[in-house]
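Visitor: Got a sequence here, can you build the structure:
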Amino acid sequence: MGLFDVHAHLTDPRLAAREDEVLARASAAGVTTIISNGLHPADNERVAALAARASSVRPAFGLYPVDAVLPQMRELGLEMGRDDDEVVGAEEAVAWLGAHLQDAVALGEVGLDRYWVPAALWEQQEEVFRRLIRLALDFDKPIIVHSRKAERRALEVLTEEGAERVDWHCFSSKVKLGRTIATHGHWLSIPANAGRAESFRRLLETLPRDKVLLETDCPYLSPVKGTDNEPANVAHTVALAAQLWDCPEERVVDQLEQNFEALFGFAP
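Guide: Okay, here's the model as predicted:
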């Protein structure tokens, strides 16, 4: 049996600088598959290079919802800490994905963000999201969704576009809406900080067990406050699930493996 992390950012400088150590700790914790999510074309290329040299890493290529409108945000005087060579227009980013998505296991992360992105750009952001959903459907790829402060609208858009193979990364809205999402056949990945975050704990406890996946969003959302998160920490979520589900960890892992294969089409 193998553990997995469906949403990691291994190319983040905080982890990339010690890549070998991070991957070794993941392996020691029983993690056999890490899906590293890209944020824009330059990051997608770094993800692809990492996956080519690390057998446990599988690439997901994406366009972070903020990056989807980042040139327009800069025009409004808003910055998101990207280097100039990483800021590309939506047309260029979508074209890159159209040329490379066949080499990824998923499209991600993509979606909607109404936390960082001002309302004046929501319509443009949503149009890019729709184009990306259609691209994933064309390539028959699962979609890993970011939905911060736009969860209900993201569900409406995904439903309208007919997307079914969807994982909701770091879902942070109401637990009731999370359960509604599961009734649409989508999956929700629970971060490794669920032990200290009540909403994630409640999702893990009350979602249908066949709709639960593991993620870290590393280097963010560590189970230990003030430290960088790593894929090895999905083991914390497994232990918590065993407690909440009142069953052995082996049964939790077996269920989670089945869930992973149902979405991604291969075993972790």
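Visitor: hey, where'd the strands end up in the stretch 151-268 of the chain?
Guide: 166-169, 187-190, 212-214 (DSSP state E, counting those that start in this stretch).
Visitor: got any ranges where the stretch 1-150 of the chain has weak pLDDT?
Guide: Regions of the stretch 1-150 of the chain meeting the criterion pLDDT under 70 cover residues 1.
Visitor: let's see it at 50
Guide: The stretch 1-150 of the chain contains no residues with pLDDT under 50.
Visitor: ranges for the helices of it?
Guide: 13-16, 19-28, 41-53, 70-75, 90-100, 122-139 (DSSP state H, counting those that start in this stretch).
Visitor: Any idea how many residues pack against residue 116?
Guide: The number of residues packed around residue 116, counting by other CB atoms under 10 Å, is 15. (Glycine included, C-beta is placed from N, CA and C.)
Visitor: Around the closest residue to it other than its chain neighbours, how many other residues sit close by?
Guide: Distances taken as CB to CB, 6 or more residues apart in numbering place residue 66 nearest to residue 116, at 5.1 Å, with adjacent residues excluded. Residues near residue 66, counting by other CB under 10 Å, number 21.
Visitor: Next one: residue 66 from residue 51, what distance?
Guide: 24 Å (CB to CB, to the nearest Å).
Visitor: repeat for residue 119
Guide: 37 Å.
Visitor: Those two: which is more packed in?
Guide: residue 51 (21 against 7).
Visitor: just checking, that one touches residue 57?
Guide: Yes - the criterion here is CB atoms under 8 Å, and residue 51 meets it with residue 57 at 4.6 Å.
Visitor: so what sits against both of these two?
Guide: residue 36 (CB atoms under 8 Å, 6 or more residues apart in numbering).
Visitor: Tell me, how many residues neighbour residue 21?
Guide: For residue 21, the neighbour count with other CB under 10 Å is 11.
Visitor: try residue 195
Guide: Neighbour count of residue 195, defined by other CB under 10 Å: 15.
Visitor: contacting residues for the residue nearest to residue 116?
Guide: With contacts defined as CB under 8 Å, 6+ apart, the neighbours of residue 66 are 73, 80, 113, 116, 117.
Visitor: mind checking how far it is from residue 227?
Guide: 25 Å.
Visitor: Make sure residue 71 is actually in contact with residue 87.
Guide: Yes - at 6.2 Å, residue 71 counts as touching residue 87 under the criterion of CB under 8 Å.
Visitor: Neighbour count: the two, which is higher?
Guide: residue 87 (16 against 13).
Visitor: List phi and psi for that one.
Guide: phi -100, psi 110 (degrees, to the nearest 10).
Visitor: Next one: residue 51 from residue 32, what distance?
Guide: 14 Å.
Visitor: which of the strands of the stretch 151-268 of the chain is buried the deepest?
Guide: strand 166-169 (a mean of 28; mean count of other CB atoms under 10 Å).
Visitor: what pairs with that one, and is each one parallel or antiparallel?
Guide: Paired neighbours of strand 166-169 in the sheet (DSSP bridges): strand 143-146 (parallel), strand 187-190 (parallel).
Visitor: Export these as CSV, with columns for distance to residue 264.
Guide: CSV is the format used below for these (distance: least, CB to CB, whole Å):
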stretch, distance to residue 264
strand 143-146, 10
strand 187-190, 10
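Visitor: just to revisit the earlier point, identify whichever of the strands of the stretch 151-268 of the chain lies nearest to residue 142.
Guide: Evaluated over the strands of the stretch 151-268 of the chain, closeness to residue 142 peaks at strand 166-169, with 6.4 Å, by CB to CB.
Visitor: can I get the CA coordinates of that closest one in PDB?
Guide: The C-alpha trace of strand 166-169 is given here as PDB (Å, rounded to 0.1, in the frame of the first residue of the first chain):
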ATOM      1  CA  VAL A 166     -12.600  17.000 -10.000                       C
ATOM      2  CA  ASP A 167     -10.600  17.300  -6.800                       C
ATOM      3  CA  TRP A 168     -11.200  20.400  -4.600                       C
ATOM      4  CA  HIS A 169      -7.900  21.400  -3.100                       C
END
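Visitor: Thanks a lot, see you next time.
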